[in-house]
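In: sequence plus predicted model, see below.
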Amino acid sequence: MEMEGASLLQAVTVTSAKGSQRSSLAVASRWWSVARLWWRSGDRRRAWTYVGACAAFSLANVGLLLWISYAQNALQSSLSEKQADGFYAAIRDYVVIIIMAAPLFALTDYVDSCLTVAWRRWLTQHMLRTYFAHHAYFKLKLDPQAIDNPDQRICEDVRAFCATSVGLTVSIMRKVFNGVAFAGLLWSLAPSLAVFLIIYAVGGTWITVSGFGRRLMHLTYSVLQREADLRFALVRVRENAESIAFYSGDQRERELAAARLASVIATIFGKVRWEAFLSLWQNTYTYATILLPSLLLHKRYFKGEIRFGDISQASFAMHTIEGALSYIVNHLAEISQLAAQTDRLDALLTTLVAQQEGVPGGVLRKPSSDGSVVLEKLTLSTPHGELTVCKDLSLALAPGQSLLIVGPSGVGKTSLMRAVAGLWSSGSGAIVAPTDMFFLPQRPYMPLGTLREQLTFPDSYAAIARSAAAAAAAVDETGDGAPGASATSGGGAGRGKRGDGGNDSGEDENAEQLGTAGGGARRLAILRATASGSYRRAGSGRPEGSSMLAVGAGSPGGSGPGSSPAQDEELRGLLDAVMLPKLLARVGGLDAEVDWAHVLSLGEQQRISVARLLHHKPAVAFLDEATSALDAATEQALYSRLQEHCACFISIAHRKQLAAFHTHVLEAQGEGAWRLHTAEDYLRQLSE
Ligand SMILES: Nc1ncnc2c1ncn2[C@@H]1O[C@H](COP(=O)(O)OP(=O)(O)OP(=O)(O)O)[C@@H](O)[C@H]1O
């Protein structure tokens, strides 16, 4: 089916002006490069089954049409010749045709819709896998000019691409079948009509493509882009509602949305004007041939060479073939729409794949076998090289040691962390680090979900369920439910398992890097909430659990997805540890779901982030001003917890007194230079 689609678009080039040839061919090849992903994937059997069913129903449709044309011929001829027997026979045929046509047409539409939905599901899943692999969603943001609105491309453009592709390719397939089936019939009745039709359709297609094709495609692309920009402006308002309200930025944001709406409307009006011209041309083109069969055949009819019904059958055949040959003329708007959607999807996929392959060279990353973090002659710059963050920086941090990074705002402290996390790699030198690291970014991220999911983020849902199962099993074994009795593999191994667990998913074709950044290395898991409220997924993984803190019982807790008494106890303990013991009662338990980013204060969000860190217990923890919104006493209490539970941690902070909780201090000197102190030396210098 997609072959016909490609050849349709290629056919545009045959009849198009020289200038637009390359672009039509390029569109066809881009369409094919997106379409073939499914046809060649592990799901290709389903794809080809649907295509086979579509082809079978299309053939049945053509057979029925041919039958209708003969029944109509018989009906009209018998009427004009006053033959009652012939008339009743034709009526009988018509009744049978109608009885067969109703279910056939319904089934045809059903199979087309199934094909569209199955394709959309696969392509969206593929896009999501690619988008979330190797932090691609983050890297896209580094060059916002490259790809606009990836979210709209993944949701809306994929949906429209599949629907339009199926609609066009299936109807092209039917037109081809119709054209072939009726060509012989028309040739036998009126060869001159057949020759005329071919010339007419070729000329009409050429005028349509060269006059309207590129212009409409460009306008369609612009409409899609501007509509996505408008939606994005409104999403940003929703996400930043409180800040905008504090600034009283209502007027400014409304003006921005209104300006974007104006841009959408102006582009749509431009498109509508061109569509009106196109419609004028299409109508003229179609109606000009309405009388042609009668004009060409009436003399033969008057001479008695053909029957009356032959004229209407020739007319039917002519319009069927004309519909097939003039497909591009009559469907240019949809083809332009498909070309624009194809462009947007192909550009997104190409960019995502290029990001996965990475830029050759740059900072080298090596795994650390002993849990130490080592920078070897690290020279790091911003992604496009505007600024050098550090030059030839070397340091080694062994397990048991900790580092505080200090320096003025904008000097490059977070950038160093980005490099260790693998988010930035422009520069030279090497970074040796364990895979088991956990990063707390400057702005806490509160995902959608329950309090339980806030505390265990970024564990996949599957990992949460496994963790709960493991904890429950441990409770069963010991019989006392004490959290210390649950699996104690530790957060480090835990995150390794989280990655492994993802490999169980048969859906996942692209292996994703194991977790280096806390918020990013989350495997896609296909889940269903079972009737009992627990989660299940295909395949099984090793149990994962990490209960680590002494806990107090009695605070309210839920029994939602993935929960177990032991895990609930562990999570309550975490809340106590970060000094949020009353939160459970306030929000209604571990399985309460609220808009956390807006309900919790920034300091509370930061404490939830630290609880996540304690839950995961990584080999190395990174805190980027992760306690900046807390009062000094709470901050110090949290750092004391961190010292107890983390073998190695690296912090960025502006409060220099935090050096007391670290063994070393890395101080920015400016111009890419850094100086390493022991914490004691640094504190002594501060007090002097
Ligand atoms: N994606 C980017 N492209 C280009 N420059 C960037 C990018 N991200 C950050 N920068 C620049 O790199 C420099 C270092 O940024 P970074 O976030 O590391 O500073 P910082 O020392 O952590 O600052 P602060 O203490 O204010 O958080 C800044 O001048 C910043 O504007």
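Out: Sure thing, it's come through. Residues are numbered from 1 along each chain as shown.

In: quick one: contacts of stretch 629-648?
Out: Under the contact criterion CB atoms under 8 Å, 6 or more residues apart in numbering, stretch 629-648 has outside partners 371-373, 397-402, 548-549, 577-579, 601-603, 605-607, 610, 613-614, 617-621, 623, 627, 649, 655, 657-658, 661. Just so you know, the C-beta spots here come from the backbone N, C-alpha and C atoms, and that holds for glycine as well.

In: at 7 Å instead, please
Out: 371, 373, 397, 399-402, 548, 577-579, 602-603, 606, 610, 614, 617, 619-621, 627, 649, 658, 661 (CB atoms under 7 Å, 6 or more residues apart in numbering).

In: which of the residues you listed fall within helices?
Out: Using DSSP state H, the subset of these located in helices is 577, 602-603, 606, 610, 614.

In: buried ones only from these, please, as a PyMOL command.
Out: Buried subset of the ones in helices among the contacts of stretch 629-648, written as a PyMOL selection, criterion 16 or more other CB atoms under 10 Å:
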select buried, resi 577+603+606+610+614
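
In: for the ones in helices among the contacts of stretch 629-648, please prepare JSON lines with the additional fields pLDDT and distance to the ligand.
Out: Shown next, in JSON lines, are the ones in helices among the contacts of stretch 629-648 (pLDDT from 0 to 100; distance: CB to the nearest ligand atom, whole Å):
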{"residue": "Ala577", "pLDDT": "92", "distance to the ligand": "27"}
{"residue": "Leu602", "pLDDT": "93", "distance to the ligand": "15"}
{"residue": "Gly603", "pLDDT": "94", "distance to the ligand": "18"}
{"residue": "Gln606", "pLDDT": "95", "distance to the ligand": "15"}
{"residue": "Val610", "pLDDT": "95", "distance to the ligand": "18"}
{"residue": "Leu614", "pLDDT": "93", "distance to the ligand": "24"}
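
In: what about the residue lying closest to Leu451 once chain neighbours are set aside, which SS state?
Out: The shortest distance from Leu451 to any non-neighbouring residue, by CB to CB, 6 or more residues apart in numbering, is to Leu590 (5.1 Å). Three-state assignment for Leu590 (DSSP: H, G, I helix; E, B strand; the rest coil): coil.

In: and Tyr70, what helix or strand is that in?
Out: Here Tyr70 sits within helix 44-80, counting by DSSP states H and E.

In: name the nearest residue to His664, ignoring sequence neighbours.
Out: Excluding the flanking residues, the one nearest His664 by CB to CB, 6+ apart is Leu403, at 4.8 Å.

In: no, scratch that, I was asking about Val62
Out: Using CB to CB, 6+ apart and skipping residues adjacent in sequence, the residue nearest Val62 is Phe177, 4.3 Å away.

In: number of residues surrounding the one you found?
Out: Phe177 has 19 neighbouring residues, counting by other CB atoms under 10 Å.

In: using the three-state scheme, assign it.
Out: Under three-state DSSP, Phe177 comes out as helix.

In: got a list of what it touches?
Out: 58-59, 62.

In: over to Tyr70?
Out: So Tyr70 contacts nothing (CB under 7 Å, 6+ apart).

In: do you know how far it is from the ligand?
Out: Separation of Tyr70 from the ligand (CB to the nearest ligand atom, to the nearest Å): 70 Å.

In: how about residues contacting stretch 678-688?
Out: For stretch 678-688, contacts defined as CB under 7 Å, 6+ apart pick out 656, 659-660, 662-665.

In: contacts with the ligand among those, please.
Out: Counting by CB under 6 Å from any ligand atom, nothing from the contacts of stretch 678-688 sits close to the ligand.

In: tell me the one of the residues you listed nearest Val111?
Out: In terms of CB to CB, no member of these lies closer to Val111 than His662, at 65.4 Å.

In: so that closest one is in contact with Leu403, correct?
Out: Yes: counting by CB atoms under 7 Å, His662 does reach Leu403; the two are 5.9 Å apart.

In: for the helix holding Tyr70, buried residues please.
Out: 46-47, 50-51, 53-55, 57-58, 60-62, 65-69, 71-78.

In: now do the very next helix or strand once past that helix: distance to the chain's middle.
Out: As assigned by DSSP H and E, the chain's next helix or strand after helix 44-80 is helix 84-132. On the basis of CA atoms, centre = their mean, to the nearest Å, helix 84-132 sits 29 Å off its chain's mean C-alpha point.

In: tell me what helix 84-132 is packed against?
Out: Using 3 or more CB pairs under 7 Å, 6 or more residues apart in numbering; DSSP states H and E as the contact criterion, the elements in contact with helix 84-132 are helix 18-39, helix 44-80, helix 158-189, helix 332-357.

In: same thing but 10 Å
Out: For helix 84-132, the packing partners by 3 or more CB pairs under 10 Å, 6 or more residues apart in numbering; DSSP states H and E come out as helix 18-39, helix 44-80, helix 136-142, helix 150-152, helix 158-189, helix 332-357.

In: distance of the residue of the chain most remote from its centre from Gly410?
Out: Going by CA atoms, centre = their mean, the residue of the chain most distant from its centre is Lys303, 66.7 Å out. Using CB to CB, to the nearest Å, we find Lys303 at a distance of 94 Å from Gly410.

In: how about the residues of the stretch 301-450 of the chain by the ligand?
Out: Applying CB under 6 Å from any ligand atom, one finds that the stretch 301-450 of the chain approaches the ligand through 382-383, 386-387, 409-415.

In: pLDDT and neighbour count added to the residues you listed, as a markdown table?
Out: Below are those laid out as a markdown table (pLDDT from 0 to 100; neighbours: other CB atoms under 10 Å):
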| residue | pLDDT | neighbour count |
| --- | --- | --- |
| Thr382 | 91 | 16 |
| Pro383 | 86 | 16 |
| Glu386 | 86 | 7 |
| Leu387 | 90 | 14 |
| Ser409 | 91 | 6 |
| Gly410 | 91 | 10 |
| Val411 | 92 | 21 |
| Gly412 | 92 | 23 |
| Lys413 | 94 | 23 |
| Thr414 | 93 | 19 |
| Ser415 | 94 | 19 |
